Structures are given as C-alpha cells and as structure tokens.
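K.L.:
I'd like to go over a predicted model; first the sequence, then the structure.
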Amino acid sequence: MSQAVLEKLKARFGAAILQTHSDFGDDTALVDAAEWKAIAKYLREDPALDFDLPVDLCGVDYPKRVPRMEVVLHLYSVSKRHRIRLKTRVGDEDMDGAELDSLVSIWAGINWLEREVYDMSGVRFRGHPDLRRILMYPEFEGHPLQKTYPADRTQPLVPYRTEEEAGVPLHKIEPFGPDEGMPFGRKGAPRVTPAIDEEGPTAKPAEGN
Amino acid sequence: MGDVSGRSVVLEGSEQGFATTRVDALLGWARKYSLFAYPFVTACCGMEFMALTSPRFDLARFGAEAPRFSPRQSDLLWVVGTISQRQAPVLKRIYEQMMEPKWVLAFGTCASSGGFYDNYTTVPGIDKVIPTDVYIPGCPPRPEAVLDGLMLLQDKIQTGSRRPGVVKPRFDPPHAVDGLVQLRRSAGDPSELVPKLRAGGDR
C-alpha cells in the first residue's frame, strides 16, 4: 500500500536505507541508526507522508548478531491512512553503544514508548527528557527482555518468607506444581508433595459448633 | 481477649433455657460469620469476584459480603489476581495494617502460586510474602470453588487452625465413570437416580 513511502525514503536518504521489503503488505525499511531521527522527522513533516501517529516502539534482541538490538518503530498516518515500519540496529555483544536519538521532539507520545524500550531492552535514547524505568522498579538490575537476562532470575523487593518462619512448606503446594499452567515450562524441578493436611482443612469442627 | 481456649461460658437465652459452650468456640462461631473483607483485586480474577458478590452466588449468606476498603477495618484479605514483584511491598503493607485476628485467602492460581507467570516480574504465590490460610485453584476459579474456599476458611476459623488449606480442584471425570449420571438423558423418575449416584462411591 505504502510502497510509495519506501520509494520516497530511498530517493531522499539513499544509502541510509539499508534494506526494504513489503511482505504481506507490511512495508518495512531497515535504516541506518545514525539517520534515525532525520528519517523520522522527514516522515512526520513531509506533507505527502504525514505520519502523525507513533503506534509502537519496541526492542528485539538477536544475541548472535552484531549490532545486536533491533529497534522497531511502527508509524501510521491518520490523514493518509498508510503505515510503515522502521527498523534499526544498535549495540554490540555487550550492548555497548546501544544508543539512539530520542524522537520525543517529533512525537511527544513516544516518550513512554522509549522509556519502555529502555527499561525492557536497555537501549538508551539521547536527548530523552526523562529516561527512567517505566514498568520495572528502580531497584531492578538489568533489562529483562535481553536474551542474556537469565530466565529464572527474580529480584524480589520484599524478601521471601523462610519456611522456618512460616512453619509450612513454601514451594508451590498441591495442586499447584512447579510447572503450573505452563506445558512449555522449565521442567526438571522435582515435584514435591508437601504434608499440609494433617489437621488443616478437613479437621473436624470443634464442639459447640 | 488473651488466651481463651478451654474457658467456658453460659449463654442465658430466656427463662426457659440456657446453653453452655467454650469461649473460643463461641468466638470462632461469631468470627466466621462476620468476616469483613478487604478485596485486593489486581487482575482478571476480579471479574469472577464480582460474580461472587452478586446476588446469584450471594456471598451474604456467609456473612462475608461487607467489603471494607480500609485494611484497618477488615479481617479477611482477599488477594484476587496476579501479584507482581513491584506490588509485593504494597500487599505486605496492607497485610501488616490489618488488625488481628486476620485471615488471607488466595483467590485463583496466580495468587496461589504465580500460575504460568514463572518469570522476573511475578511473585510465585503470595505465601512468599504474607501468611496465607486458604488457596483456591482455578484460572479463574468458579464462584462455587470460591464458596468452597470460604467455607473451608470458616471451618478453620472455628477450629482455630492456621494450617493452610487448598480447595480441591474440580476435575473432569473420565468418559466411563459409573457414578456419573447425565440428568438430561435419563429423564425418567428422579428417584431412580439417587441409588446410582450413591453407587458412584467416593467421588
């Protein structure tokens, strides 16, 4: 639909548009990270393009690739009714240099989206007015959607109760198994049957009931 | 009240009669039918909680229908839904603000065990943070299961037991169970169904 947009981009930015495709009607351009902001500004301000709605921004980690982190921006034009997807790649194996120009000055609404990408994927946005975590808590270390974040690492804000303190087993009790609800889950944790029920739920009511 | 276990009390009802009971039994009886609930509702289980409190399932039958949106005025904490790590301090603080005696009910699989959110963001069961009395499995649990859980809690209040209890999950019976009677198919005399149901044994 909006292959004309891709053509305009290629005509205007030339080598900065590294790659394009239009599979299934989704027009996508992989662009040079250095031209990220200039391209966004052009898409917003050119009257024939008029992309006024930043739909979504997200990070995709490809740990074996260099640059490693792909940042994907979806745009929509309410007046022209066309869409485009911009991608760029930043960061080496250790996420060094994973920086992009912030687009907040172009679309104010992209503020929180950039904070989310920073929080989840660890891409820093130059010139963002308030680059803080938005979903996780400030004490959280690391960026959970990076593939290098261990899948089973949790960072509780409240220290968990110990079993001595509780007097009862605290692993997942019957009928809740370690793989509760997740057939794809991390198997291998032994399924332990705790002794809960000695005098608990099925105990007889007291006299005088 | 201090330790009242074993002390007895005489209830003078009228000129004709009286009853004797133990103070703790009387207290348990009074407490279990006057639960003031604090609904800590965070997720989709909340919809089922609304159904539960509606007239169809009628939580009021159990004396537990009055919500108090202040933890200081309530003695039953309903934890309804997924608790994220970020929320855990809030939940713990709410619990600490409640007056003794207090009970906690984990509504649904997420509150009980974290459910399928086995990841960086979710507390794997509220018992990791606060003591929990009754776990109700289900995603979300049917209101009937929750009523089972509430009655279980009432039993525990009556007996003074603080051992955690789990509501038995309903399971889908296998195809050929003798005790399973399909009422719609056998539309004959209902009294014939009763022996069949009884013969079903220990289900």
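P.N.:
Received the coordinates, thanks. Numbers count the residues shown, from 1 in each chain, chains lettered A, B, ... in the order given.

K.L.:
Please list all residues in contact with the most centrally placed residue in chain A.
P.N.:
The residue lying closest to the centre of chain A (C-alpha atoms, centre = their mean) is A:Met120, at 4.7 Å. Under the criterion of C-beta atoms under 8 Å, 6 or more residues apart in numbering or on different chains, the neighbours of A:Met120 are A:58-59, A:135, A:143-145. Where C-beta positions appear, they are placed from N, C-alpha and C, glycine not excepted.

K.L.:
Can you say which helix or strand has it in it?
P.N.:
Assessed by DSSP states H and E, A:Met120 sits inside helix A:110-121.

K.L.:
For chain A, which segments count as helices?
P.N.:
Using DSSP state H, the helices assigned to chain A run over residues A:3-13, A:36-45, A:110-121, A:163-166.

K.L.:
what angle separates the second one from helix A:3-13?
P.N.:
Per axes from the mean of the first three to the mean of the last three C-alpha atoms, to 10 degrees, the angle that helix A:36-45 makes with helix A:3-13 is 130 degrees.

K.L.:
now swap in the third one and tell me
P.N.:
Helix A:110-121 and helix A:3-13 meet at an angle of 90 degrees, taking the same axes, to 10 degrees as the criterion.

K.L.:
Give me the contact list for stretch A:55-66.
P.N.:
Here stretch A:55-66 makes contact (C-beta under 8 Å, 6+ apart) with A:68-76, A:83, A:89, A:92-93, A:110, A:113-114, A:116-117, A:120-123, A:145-148.

K.L.:
at 6 Å what do you get?
P.N.:
The contact list for stretch A:55-66, computed with C-beta atoms under 6 Å, 6 or more residues apart in numbering or on different chains, reads A:69-74, A:76, A:92, A:113, A:117, A:121, A:123, A:146-147.

K.L.:
and those, which two are the farthest apart?
P.N.:
For these, the farthest-apart pair by C-beta to C-beta is A:Tyr76 and A:Asp92; their separation is 32.1 Å.

K.L.:
what about B:Trp28, which helix or strand?
P.N.:
Check again: residue B:28 is Gly, not Trp. B:Gly28 belongs to helix B:23-32 when assigned by DSSP H and E.

K.L.:
how far is that helix from where the chain is centred?
P.N.:
17 Å (C-alpha atoms, centre = their mean, to the nearest Å).

K.L.:
who does that helix touch, helix- and strand-wise?
P.N.:
helix B:143-159 (3 or more C-beta pairs under 6 Å, 6 or more residues apart in numbering or on different chains; DSSP states H and E).

K.L.:
Would you mind putting the CA coordinates of the helix it packs on into CSV?
P.N.:
Provided in CSV are the C-alpha atoms of helix B:143-159 (Å, rounded to 0.1, in the frame of the first residue of the first chain):
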residue,chain,number,x,y,z
PRO,B,143,-17.7,-19.0,42.2
GLU,B,144,-18.6,-22.4,43.6
ALA,B,145,-15.0,-23.1,44.2
VAL,B,146,-14.6,-19.8,46.0
LEU,B,147,-17.6,-20.6,48.2
ASP,B,148,-15.9,-23.9,49.0
GLY,B,149,-12.8,-21.9,49.9
LEU,B,150,-14.8,-19.6,52.1
MET,B,151,-16.4,-22.4,53.9
LEU,B,152,-13.0,-24.0,54.4
LEU,B,153,-11.8,-20.8,55.9
GLN,B,154,-14.9,-20.7,58.2
ASP,B,155,-14.0,-24.2,59.4
LYS,B,156,-10.5,-23.1,60.1
ILE,B,157,-11.7,-20.0,62.0
GLN,B,158,-14.0,-22.2,64.0
THR,B,159,-11.3,-24.7,64.9
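
K.L.:
residues of it that come out buried?
P.N.:
B:143, B:145-150, B:152-159 (16 or more other C-beta atoms under 10 Å in any protein chain shown).

K.L.:
Distance from the chain centre to it, please.
P.N.:
Worked out by C-alpha atoms, centre = their mean, helix B:143-159 lies 4 Å from the chain centre.

K.L.:
likewise stretch A:10-21?
P.N.:
For stretch A:10-21, the distance to the chain centre is 26 Å (C-alpha atoms, centre = their mean).

K.L.:
what's the span of that stretch, first residue to last?
P.N.:
Start-to-end span of stretch A:10-21 (C-alpha to C-alpha, to the nearest Å) is 12 Å.

K.L.:
Quick one: residues in contact with that stretch.
P.N.:
Counting by C-beta under 6 Å, 6+ apart, A:6, A:9, A:28-32, A:35 sit against stretch A:10-21.

K.L.:
Which among these count as buried?
P.N.:
Neighbour-count burial (16+ other C-beta under 10 Å) applied to the contacts of stretch A:10-21 gives A:6, A:9, A:28-31, A:35.

K.L.:
Show me the domain layout of the chain.
P.N.:
No chain was given, so I picked chain A. Chain A is divided into the following domains under automatic domain parsing: A:3-145, A:160-194.

K.L.:
I was thinking of chain B, sorry if that wasn't clear
P.N.:
Split by automatic domain parsing, chain B gives B:1-32, B:34-166, B:175-203.

K.L.:
Tell me where chain B has helices.
P.N.:
B:23-32, B:45-53, B:88-97, B:109-113, B:143-159, B:193-199.

K.L.:
mind saving the C-alpha coords of the first one as PDB?
P.N.:
Spelled out, that is helix B:23-32. Extracted in PDB, the C-alpha atoms of helix B:23-32 (Å, rounded to 0.1, in the frame of the first residue of the first chain):
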ATOM      1  CA  VAL B  23     -15.400 -19.100  74.900                       C
ATOM      2  CA  ASP B  24     -13.100 -19.900  72.000                       C
ATOM      3  CA  ALA B  25     -15.800 -21.900  70.200                       C
ATOM      4  CA  LEU B  26     -18.300 -19.000  70.700                       C
ATOM      5  CA  LEU B  27     -15.700 -16.500  69.400                       C
ATOM      6  CA  GLY B  28     -14.900 -18.700  66.400                       C
ATOM      7  CA  TRP B  29     -18.600 -19.000  65.700                       C
ATOM      8  CA  ALA B  30     -19.000 -15.300  65.800                       C
ATOM      9  CA  ARG B  31     -15.900 -14.500  63.800                       C
ATOM     10  CA  LYS B  32     -16.600 -16.900  61.000                       C
END
